[in-house]
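Peer 1: only geometry, no sequence info:
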């Protein structure tokens with residue numbers, strides 16, 4: 001988390017993200033992650049709360065990788081190759097409170113939406129000019145969700161490097177998927193290797 005804050009301060013105008021020919025500076029990237037952090041906190045996300053992501057490699061996924069831990073929350077990245085029942089199992093097992101889902105994966109969520117009892121809010125990432133055929137009741141567009149966030153919210157930083165930053169699930173070849181917890185320390189070590 002301090003990596004992004006530092007780069008936004010030291011290299012504010014340098015490119016942090018290049019996606020589909022558009023570039024985002026470190027300052028803008030940091031602002032968007034702070035907005036996401038704030039918007040998540042407004043929904044009650046805090047220490048150890050899980051936020052599930054069903055997103056491809058898009059800027060929203062990268063923003064979530066920083067914005068969720070800034071709340072003290074835990075990232076649960078979902079594999080779009082899983083079946084709808086497998087996704088429902090993982091989302092319910094980890095007790096995710098919010099699901100960020102890309103519009104192209106909405107058909108995976110549609111048959112299980114009523115099974116996702118702990119999800120308080122669906123946030124949909126929709127490409128410009130796209131109108132999904134279906135969105136969950138009460139879903140909010142990602143950009144509108146960010147717009148409600150405070151760009152001055154610095155979030156929280158882990159009090160302990162052994163706090164959980166992410167849970168990844170195994171494929172479940174011998175039964176239901178198992179959650180593997182990663183700490184801030186292990187994430188840092190993996191990033192520096």
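Peer 2: Now that the structure is in, tell me what you want to look at. As the structure is a computational prediction, the values presented were derived from the model and not from experiment.

Peer 1: Give me the longest helix you can find in this protein.
Peer 2: The helix spanning the most residues in the chain, taking DSSP state H as the definition, is helix 26-42.

Peer 1: immediately after it, which helix or strand?
Peer 2: Using DSSP states H and E, the helix or strand that follows helix 26-42 in sequence is strand 50-54.

Peer 1: who does that following strand pair up with?
Peer 2: In the sheet, strand 50-54 lines up against strand 74-77 (parallel), strand 96-102 (parallel) (DSSP bridges).

Peer 1: Most tightly packed of those strands?
Peer 2: With neighbours defined as mean count of other Cβ atoms under 10 Å, the strands paired with strand 50-54 peak in mean count at strand 96-102, which reaches a mean of 24. C-beta coordinates here come from the backbone N, C-alpha and C atoms, glycine included.

Peer 1: Let's test this: mean pLDDT of the next helix or strand after that strand, rounded?
Peer 2: Later in the chain than strand 96-102, the nearest helix or strand by DSSP H and E is helix 106-109. Taken as a whole, helix 106-109 carries a mean pLDDT of 97.

Peer 1: what's the next helix or strand after helix 106-109 in contact with?
Peer 2: Counting by DSSP H and E, the element after helix 106-109 in chain order, helix or strand, is strand 121-125. Strand 121-125 has contacts (Cβ atoms under 8 Å, 6 or more residues apart in numbering) with 43, 55, 58, 60, 97-103, 106, 109, 132, 135-136, 138-142, 145.

Peer 1: Show me where this protein dips below the pLDDT cut-off.
Peer 2: Residue ranges of the chain with pLDDT under 70: 187-193.

Peer 1: Quick check, central residue of it?
Peer 2: Most central in the chain under Cα atoms, centre = their mean is residue 64, positioned 3.6 Å from the mean C-alpha point.

Peer 1: show me what contacts the residue nearest to residue 120 when sequence neighbours are not counted?
Peer 2: Excluding its sequence neighbours, the residue lying closest to residue 120 (Cβ to Cβ, 6 or more residues apart in numbering) is residue 97, at 5.1 Å. Going by Cβ under 8 Å, 6+ apart, residue 97 touches 43, 44, 45, 49, 50, 51, 118, 119, 120, 121.

Peer 1: Could you give the number of residues near the last one?
Peer 2: Applying other Cβ atoms under 10 Å, we find 20 residues neighbouring residue 121.

Peer 1: Equivalent analysis for residue 148, please.
Peer 2: Close neighbours of residue 148, defined as other Cβ under 10 Å, add up to 12.

Peer 1: Nice, that's everything, thank you.
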